[in-house]
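In: Need coordinates for the following:
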Amino acid sequence: MNKFVLDWGARLERVELWTTDAVSDLDIYVYDDFSGGSLSNLLTSITDLSYSEMGYISVPLPDTIGLESGDDIYVVVKVTNVGFTSPLTYDSKDYSDWAGMSYISPDGSSWTLFDGGDIGIRVRVRKQDATSPSPLQSFEATPGDGSVTLRWTNPADTDFAYALIEYSTQGYVSDPGEGTPVENGNDGKFGGAPTAVDSFIHEDLTNGVTYYYTAFAVDSALNYSSPVFAMATPVDTVPPAPIAGFEALGLDEAVLLRWINPSDNDLDRVHIVYSTSPAPWDPDSVTSVENGSDGYFDAEPALSDSFLHENVDNGTTYYYCIRTLDEMENISLCTYASATPQDTFPPSITISVLQNPYITNHLDIYVAISEATIETSLVVQVGGSSFSPQVVDADGNLYRIDYDIYSAGRLDLRACARDLAFNWASAQRSFGVSKITTSGGVAYSFDGNLELSLPPGALENQAFILIGACDSPGSMTTYEILPQGLEFHQDARIGIRYDHVPDPHDLVVARLSDGDVRLLESSVDEDRHMIYAYAHQSGTYGLVAGQGVRSRSYDDRIMHLWSEPNPFSETTEIVFDITSATELDVTITTIDGRYVTRLYCGQALPGRYRLRWDGTNSAGKRVASGVYMCRIASGRGTHEYKVLLLR
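Out: Reported below is the predicted structural model:
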């Protein structure tokens, strides 16, 4: 082994030596360090060489090694000589200048300083430029949205080869290889002419993270300049596009807002504010819509959305501004819309009849109105004659009429009134009136679909029996038998007509009381299309169809509630699935809970239900455009769904 110390920068290219005989195996190793008798940091090697003759050998190294002035290296030669124990030549002349440079070892592990002279191992180097180039000039980093733009000027050195740019998110690096090369497809190297101005956009970065850049100039001898530094934090400064298709629709004490989100991928939220003063105004100084989130709505790109702004004043114009925000809180320009809510919904009117079971010719007819009405606008007719109602509860808009029955036949009750916004509403109920003596008799509903047969002795005194249909269309037809609470001393037969059913044996008569449905043992008369059962008191009765009704369950879950179409202009179908038999009351109300009409009332079996609403109220009159609630009530909860009627 020989030690070599360079006086100038160079590249090691070859190892040369002189053998004393043919060589069967020659291995060469170049190390950077030799300390404490041990070699370390192997720089390069070449093994398994052989030569058939003695003499001079020049071996090119597989990897040329760049060395700076003052560097020391250790060249190790392991040689198997064919015929001599001293395989390499050495110079035994005065070698004081080379003292301490040559070593021998029997196994490559322990080394002894060779005192016989200078062992004939030589290296051939090519002297190189060791002068570092000038650094890059005007190195700067400009942040963008998920990117950083780097700009620089190459130095004027004629041997300039390329610029090397590395980066880190932990801080600046000082030496080449310590950082990550920018991803330019060339390991962070940028070729170019001296003094040329260059740039690079570093993309796919994370906004809000600081990137530290270090740049070096490199010459043709691979000398590195001193580093230059720049840093930048990418940030999105471009707001998303504004809302498209923003519109406001005035309803009764409400405004329906609808819009379409822009398609920006970084869209995060929209914000809606309003004022009763016309725009322009500062959107940050007015009131946010009351949605429970300070007027902010989560937003998905390119999707439609809506919000019902409730509890606003009819007759007042509301001006709205909607803005979009991205993930970096950049805010778009305002999009404006306005609307004036108006009360276009007629009041709901309910007519009820109370009849004393002991004074059965006297009726207390009650008219209840859902809101205040114009004084004198209430008109009530009983049996075609007009009556002046008595005020029972002025605040609750409840009125009463006393009426005595003196003959059998049909009794029609009608009422109409106008609310303070001049919206008309009406209601109608009809009863079949039958006079039954203690000898018994038959009473009918006004439409003839229910008959009540009372045997002799069923009543203690003669009575006027009223039978009227409930306002509850659907799979169950119900009839109210008045007076309520009238006990029959003998079982009375109730017959209810059916029509167009696959199997009438699936039908049973049921009694309804305070939401409870009691099934009665029933029989079928297919000739008359009647279902018969026996009862012992008055009340509300109807037909229940379906096998599941016989095994009544309290599980009344309602699933997949929707309507189609929605919005609608003429009719819509309310669709829902029921997992088990339950009691249902399906009504349409205004957005503030005022009764409009009833779609269904009674027992429902498992399955999918479709109830048609034609946009009319319980009186058959068309209601105004607006948002309505489909309310499905059962014994264990209430489900609601909004439907929008657009005339």
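In: ranges for the strands of the stretch 51-200 of the chain?
Out: 55-67, 72-81, 90-91, 103-104, 112-113, 118-119, 121-127, 137-143, 148-153, 160-168, 180-181, 189-191, 197-202 (DSSP state E, counting those that start in this stretch).
In: G626: which of the ones you listed is closest?
Out: For the strands of the stretch 51-200 of the chain, proximity to G626 was assessed by C-beta to C-beta; strand 137-143 is nearest, at 50.7 Å. Every C-beta, even on glycine, is put in place using the N, C-alpha and C of the backbone.
In: buried sites along that closest one?
Out: Across strand 137-143, burial judged by 16 or more other C-beta atoms under 10 Å covers F139, A141, P143.
In: what's around the residue nearest to the last one when sequence neighbours are not counted, how many residues?
Out: Put plainly, it is P143. Excluding the flanking residues, the one nearest P143 by C-beta to C-beta, 6 or more residues apart in numbering is A232, at 4.2 Å. Using other C-beta atoms under 10 Å, A232 has 21 neighbouring residues.
In: Give the bridge partners for A232, please.
Out: Under the criterion DSSP bridges, A232 forms beta bridges with Y211.
In: any idea of the pLDDT on it?
Out: Listed pLDDT for A232 reads 96.
In: Output stretch 426-439 as PDB - backbone C-alpha positions only.
Out: Provided in PDB are the C-alpha atoms of stretch 426-439 (Å, rounded to 0.1, in the frame of the first residue of the first chain):
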ATOM      1  CA  SER A 426    -114.000  27.700   2.500                       C
ATOM      2  CA  ALA A 427    -114.900  24.300   4.000                       C
ATOM      3  CA  GLN A 428    -117.800  21.900   3.700                       C
ATOM      4  CA  ARG A 429    -119.200  18.900   5.600                       C
ATOM      5  CA  SER A 430    -122.200  16.800   4.800                       C
ATOM      6  CA  PHE A 431    -124.100  14.400   7.000                       C
ATOM      7  CA  GLY A 432    -126.800  11.900   6.400                       C
ATOM      8  CA  VAL A 433    -129.600  12.500   9.100                       C
ATOM      9  CA  SER A 434    -131.700   9.700  10.200                       C
ATOM     10  CA  LYS A 435    -134.400   9.600  12.900                       C
ATOM     11  CA  ILE A 436    -134.200   6.300  14.900                       C
ATOM     12  CA  THR A 437    -136.800   5.300  17.400                       C
ATOM     13  CA  THR A 438    -136.600   2.800  20.200                       C
ATOM     14  CA  SER A 439    -137.900   0.200  17.800                       C
END
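In: picking that back up, please name whichever of the buried residues of strand 137-143 scores lowest on pLDDT.
Out: Lowest-confidence member of the buried residues of strand 137-143: P143, scoring 93 (pLDDT).
In: Is that residue in contact with D236, as I believe?
Out: No: the criterion here is C-beta atoms under 8 Å, and P143 misses it with D236 at 9.9 Å.
In: contacting residues around the helix or strand harbouring L543?
Out: For L543, the enclosing helix or strand under DSSP states H and E is strand 539-545. Contacts to strand 539-545, defined as C-beta atoms under 8 Å, 6 or more residues apart in numbering, come from residues 450, 470, 475-481, 484, 494, 496, 498, 501, 506-513, 517, 519, 531, 535, 602-603, 605.
In: Next: stretch 161-172.
Out: Identification of contacts with stretch 161-172 by C-beta under 8 Å, 6+ apart yields 136, 150, 152, 154, 173, 176-182, 188-192, 198, 200, 202, 209-220, 222, 224, 227, 229, 231.
In: Can you tell me which of the residues you listed are buried?
Out: Applying 16+ other C-beta under 10 Å to the contacts of stretch 161-172 flags 136, 150, 152, 154, 173, 176, 179, 182, 188-190, 200, 202, 211-219, 227, 231 as buried.
In: Okay, now the unreliable bits of the stretch 501-647 of the chain?
Out: The stretch 501-647 of the chain contains residues with pLDDT under 70 at 546-560, 577-581, 604-608, 635-637.
In: So which residues of the chain form helices?
Out: Read by DSSP state H, the chain holds no helices at all.
In: re earlier: would you mind giving the buried residues of strand 137-143 as CSV with distance to S40 added?
Out: Below are these laid out as CSV (distance: C-beta to C-beta, whole Å):
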residue, distance to S40
F139, 37
A141, 40
P143, 45
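In: Can you list the strands that the strand holding L543 pairs with?
Out: Its sheet considered, strand 539-545 pairs with strand 478-482 (antiparallel), strand 507-513 (antiparallel) by DSSP bridges.
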